[in-house]
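[1] Give me the fold of what follows.
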Amino acid sequence: MKALVYTAEDAPAVEERPIPAIAADEVLVAARSVGVCHSDIELLEGRYIIPFSYPIIPGHEWSGEVVRVGADVTDFAVGDRVVGECVIGSDHFGFSISGAAADFFVAKASWLHRLPDELSFTMGALVEPFSVAYYAVQHAGGVDASDTVVVLGAGPIGLAVAAATGAMGATTIVVEPTAERQDAALALGAKHAVHPDDVDALLSRLTGGRGADLVVEASGRPAVMARALELVAFQGRVAYIGINVGGSAPAQLGLIQSKELRITGSIGSPGVWPQTLRFLAGSGLDLSPLVTQHFSADEALSAIEAARHPSPTTIKAHIEFDARL
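    A predicted model of the protein is given here:
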């Protein structure tokens, strides 16, 4: 089989490898669509939030099809379309243990969820990033049609937040300097997409000067993280989802008290995958505009390059696999 392997720091390769064997509680999955995330680039560059070692097969945003089941597996059968969670105890699938960027890979049945019939394999590979966005919004208390939401940053997670809050009925404003990503935000369900210089005037007009009921910070930039406190309404909520380790910026911290703010932070999507899958299947939400480039398994190195050095029109690259036993 073909596999994308990080053989060492800054050394990705497409290798021929034997199809792996499975244990009694495991299944063999044929990958169908695998997304390339910024975390995959950090892993390639020798940085990740938990220990890991090379060689490693990346791939934690994926969909696939069960092709073999272990003797003790009763919940899944050959032919089932599946997706899987990536945080498994202290391990991270695709980081500390090899992931899905291969024709075939091994997963424990306990990690898996059936992909609803309403969702394509491409949508399945977007469940993981969408679940992160969905969890952040739910963790902050959720939204409905009474709320005005400001999303700071239109990377894949910020765009997924805009899609989620739009589908929940909120008036969603995405703040992003890049015109191409503003267009993507509108295509995914945001009501407005504006340059950072223009958000104050728009927000004041839409809310009568009240401010945003919820601000979701998805850029991870310290100055933008500080800006969230200024845009939120009295007794509003701020959800921090963009990751920053060690950065700093001046912030008006007194606003936390004077506005009586509720502030949450989140990482990952613990416990919400079944709910996320039901939401995507029931809402009819189409996340496919997030995927701007598709690559074959043979072109996996080009997919990594596209994610590592994105063009203005690149949002997310997917690697498509079609191997059969």
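[2] list the contacts for residue 134?
    160, 164, 269, 272, 275-276, 279 (Cβ atoms under 8 Å, 6 or more residues apart in numbering). (Glycine included, C-beta is placed from N, CA and C.)
[3] Is there a quick ChimeraX command that grabs whichever of those are buried?
    Here is the ChimeraX selection string for the buried members of those, based on 16 or more other Cβ atoms under 10 Å:
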select :160,164,269,272,276,279
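[4] ok, and residue 29, which helix or strand is that part of?
    In this structure, residue 29 sits in strand 26-36 according to DSSP states H and E.
[5] helices and strands of the chain: which one bottoms out on pLDDT?
    The weakest-scoring helix or strand in the chain, judged by mean pLDDT, DSSP states H and E, is strand 87-88 (a mean of 88).
[6] follow-up on the earlier one: partner strands of the strand holding residue 29, parallel or antiparallel?
    Strand 26-36 has the following strand partners under DSSP bridges: strand 61-69 (antiparallel), strand 104-108 (antiparallel), strand 316-320 (antiparallel).
[7] Output that strand as PDB, nothing but the C-alphas.
    Output of strand 26-36 as PDB, limited to C-alpha atoms (Å, rounded to 0.1, in the frame of the first residue of the first chain):
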ATOM      1  CA  GLU A  26      -9.300  -3.500  15.900                       C
ATOM      2  CA  VAL A  27     -10.500  -2.800  12.300                       C
ATOM      3  CA  LEU A  28      -8.700  -2.200   9.100                       C
ATOM      4  CA  VAL A  29      -9.900   1.000   7.400                       C
ATOM      5  CA  ALA A  30      -9.400   1.900   3.800                       C
ATOM      6  CA  ALA A  31      -8.900   5.700   3.700                       C
ATOM      7  CA  ARG A  32     -11.100   7.700   1.400                       C
ATOM      8  CA  SER A  33     -10.500  11.300   2.200                       C
ATOM      9  CA  VAL A  34      -7.800  12.800   4.500                       C
ATOM     10  CA  GLY A  35      -7.500  16.500   5.300                       C
ATOM     11  CA  VAL A  36      -4.200  18.300   5.800                       C
END
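[8] what comes up buried for the helix or strand following it?
    Remark: after strand 26-36, the chain's next helix or strand is helix 38-44, criterion DSSP H and E. Using 16+ other Cβ under 10 Å as the test for burial, helix 38-44 gives 38-41, 43-44.
[9] cool, and stretch 197-210?
    199, 203, 206-207.
[10] and which of those is nearest residue 217?
    residue 199 (12.9 Å; Cβ to Cβ).
[11] Check which helices and strands the host helix or strand of that closest one sits against.
    Applying DSSP H and E as the criterion places residue 199 in helix 199-207. Secondary-structure packing of helix 199-207 (3 or more Cβ pairs under 8 Å, 6 or more residues apart in numbering; DSSP states H and E): strand 148-152, strand 171-175, strand 192-194, helix 222-231.
[12] Need the contact partners of that helix.
    Helix 199-207 has contacts (Cβ under 8 Å, 6+ apart) with 148, 150, 171, 173, 175, 192, 194, 211-212, 231, 233.
[13] what does stretch 268-276 give?
    The contact list for stretch 268-276 (Cβ under 8 Å, 6+ apart) reads 83, 85, 87, 113, 127-128, 130-132, 134-135, 138.
[14] How about the backbone phi and psi for the nearest residue to residue 281 once chain neighbours are set aside?
    Residue nearest to residue 281 in three dimensions, not counting chain neighbours: residue 116, with 3.9 Å by Cβ to Cβ, 6 or more residues apart in numbering. In terms of degrees, to the nearest 10, the main-chain angles of residue 116 are phi -60, psi 150.
[15] Hmm, residue 284 and residue 116 touching each other?
    No: between residue 116 and residue 284 there is no contact under Cβ atoms under 8 Å: 11.3 Å.
[16] So for these two, which residue has more residues nearby?
    residue 116 (16 against 8; other Cβ atoms under 10 Å).
[17] where's that one relative to residue 91, distance?
    Distance, residue 116 to residue 91, using Cβ to Cβ, to the nearest Å: 27 Å.
[18] cool, residue 20 as well?
    Using Cβ to Cβ, residue 20 is found at 16 Å from residue 91.
[19] Tell me how many other residues crowd residue 230.
    Residue 230, neighbours per other Cβ under 10 Å, totals 14.
[20] circling back to that earlier point, now the helices and strands packed on helix 199-207 as CSV including distance to residue 185 and mean pLDDT?
    Formatted as CSV, the helices and strands packed on helix 199-207 follow (distance: least, Cβ to Cβ, whole Å; pLDDT from 0 to 100):
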stretch, distance to residue 185, mean pLDDT
strand 148-152, 8, 98
strand 171-175, 4, 98
strand 192-194, 4, 98
helix 222-231, 16, 98
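[21] Look up phi and psi at the closest residue in space to residue 15 that isn't next to it in sequence.
    Counting by Cβ to Cβ, 6+ apart, residue 5 is the residue found nearest to residue 15 once chain neighbours are left out, at 4.9 Å. Main-chain torsions, residue 5, degrees, to the nearest 10: phi -120, psi 130.
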